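In: Turn this into a model:
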Amino acid sequence: MTELRATIFIDILNALLSRAHSSTDSRKSIDAIRHALMTCSLVISSCGEAISRENETAPVIFRLGGGLTEIDIRRFCPLFTLKLDSPTQNLILDELESALASTSDFINCLDQSDSGDPTSRDPLHDIQKQLDRIAVMEVAVDHAYDRVERLSREIDALHPRLQQRLAFAVKKFPQDIAARNSANNDLLAMTIEASLVKVSLIRAQAQNSVYDYRRPKAPDLHMKSALSAAFAKLKEDERKMEDEEGRLDRDLAEYQTLLDMVDGGRSSGFRQIVTDCAAVDRETEECRRDLRRLGWTGDDY
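Out: Now for the predicted structure:
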C-alpha cells in the first residue's frame with residue numbers, strides 16, 4: 001500500500017510538469033517540486049530521528065504543514081529513494097543552472113563595482129544618475145511636445161488662408177491661361193498671314209525682275225519677247241522632229257516588207273537556206289571530232 005501511494009505521488013508530479021505549456025506553468029511546477037523535495041527531506045530526517053529513538057516509550061510527534069505528522073509520513077511514505085523521470089530531472093537541472101548563473105552574474109557585478117569608481121558601489125548614486133537622466137529626457141520631451149503643438153497651431157492658422165488662395169488660383173488662373181493661349185494663337189495666325197504676303201511679294205518681284213528685264217542698249221528687247229521667240233523655236237523643232245519620225249516610220253515599214261518578201265514564210269526561202277547551212281556546219285564539226293578521236297591528223301577544211 002505504501003509503495004502504491006508513493007508511485008501515485010510521483011505520477012502526480014510528472015503529470016504536473018507534462019501539462020506545463022508556458023514558462024510560467026513550468027516555474028509553478030518547479031516550485032511545487034522544490035516544495036515536495038523539501039518535504040521529503042524533512043520526512044527523511046524525521047524518520048532518521050525516529051529510528052534513533054526506537055527505545056523510547058513516547059516518540060516525539062513531528063508536525064508538518066496540512067496537519068500531517070511523523071506517524072502519517074512513516075505510514076504512507078516508503079523509506080527507499082524515489083526517482084523522477086528524465087523530463088523532471090532536466091527541468092530541475094535547468095532551474096539549478098539558472099540559479100547558479102544569476103548568482104555568478106551578481107558576484108561578477110560586485111567584483112566590477114569593487115574594482116572601479118567608489119561612487120559606483122553606491123546604489124543611491126546610481127539611482128540619482130538615472131533620475132537626472134530621466135529629468136533631462138523629460139525636459140527634451142516637453143520641448144519637443146511644445147514645438148509640435150506650436151507647429152500644429154501654425155498649420156491650423158495657415159490652412160484656411162492656403163485653402164482660400166488655392167480656390168482663388170483655381171478660379172482665376174485658367175481664365176488667364178485661356179486668354180494668353182488665345183492671344184498666342186492670334187499672334188501666330190497673323191505671323192503666318194504676314195509671311196504669306198511676304199512670299200507673294202517676293203514671287204512678284206522675282207517675276208518682274210525676270211520677265212521685265214530690258215537691255216540698256218535695246219529697250220525694245222525684253223525677256224518676254226526672248227521667251228516668246230524661244231518658245232516658237234521649240235515648237236518649230238518639235239514639228240520638224242515629228243515629220244522626221246513619220247519619215248523614219250515609213251522607211252522601217254518598207255524594210256520590213258522587203259524582209260518578208262525575202263523570207264517567204266517560215267518553212268522555205270531564205271530562212272530555210274540559213275537553217276540548212278547551220279545544220280551542215282554543225283554536222284561537219286561533229287565528223288571532224290570523230291575523225292580526231294580515231295587518230296586522223298589531216299588538215300582541216
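
In: so where's this structure uncertain?
Out: 1-84, 104, 106-124, 261-270, 298-301 (pLDDT under 70).

In: Got the domain ranges for it?
Out: The record's domain split for the chain, according to automatic domain parsing, is 2-120, 223-260, 264-296.

In: packing partners for the helix or strand harbouring E238?
Out: Take DSSP states H and E as the rule and E238 turns out to sit in helix 223-263. The contact analysis (3 or more Cβ pairs under 8 Å, 6 or more residues apart in numbering; DSSP states H and E) places helix 223-263 against helix 123-211, helix 270-294. Bear in mind the C-beta positions are built from the backbone N, C-alpha and C, glycine included.

In: how big is the angle separating it from helix 270-294?
Out: 70 degrees (axes from the mean of the first three to the mean of the last three Cα atoms, to 10 degrees).

In: Run the angle between helix 223-263 and helix 123-211 for me.
Out: 80 degrees.

In: among the helices and strands packed on helix 223-263, which is nearest L259?
Out: Closest approach to L259 among the helices and strands packed on helix 223-263 (Cβ to Cβ): helix 270-294, 8.9 Å.

In: so what does the closest one touch, helix or strand wise?
Out: Going by 3+ Cβ pairs under 8 Å, 6+ apart, helix 270-294 lies up against helix 223-263.

In: circling back: distance to K217 and mean neighbour count added to the helices and strands packed on helix 223-263, as a markdown table?
Out: Shown next, in a markdown table, are the helices and strands packed on helix 223-263 (distance: least, Cβ to Cβ, whole Å; neighbours: other Cβ atoms under 10 Å):
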| stretch | distance to K217 | mean neighbour count |
| --- | --- | --- |
| helix 123-211 | 19 | 10 |
| helix 270-294 | 68 | 11 |
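
In: Switch these over to a markdown table; also include distance to P219.
Out: A markdown table is the format used below for these (distance: least, Cβ to Cβ, whole Å):
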| stretch | distance to P219 |
| --- | --- |
| helix 123-211 | 15 |
| helix 270-294 | 70 |
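
In: looking at those helices, which is closest to P87?
Out: Closest among the helices and strands packed on helix 223-263, using Cβ to Cβ: helix 123-211, at 40.2 Å.

In: Output the contacting helices and strands for the closest one.
Out: helix 223-263.

In: For I155, see how far away E149 is.
Out: Relative to I155, E149 is positioned 11 Å away (Cβ to Cβ, to the nearest Å).
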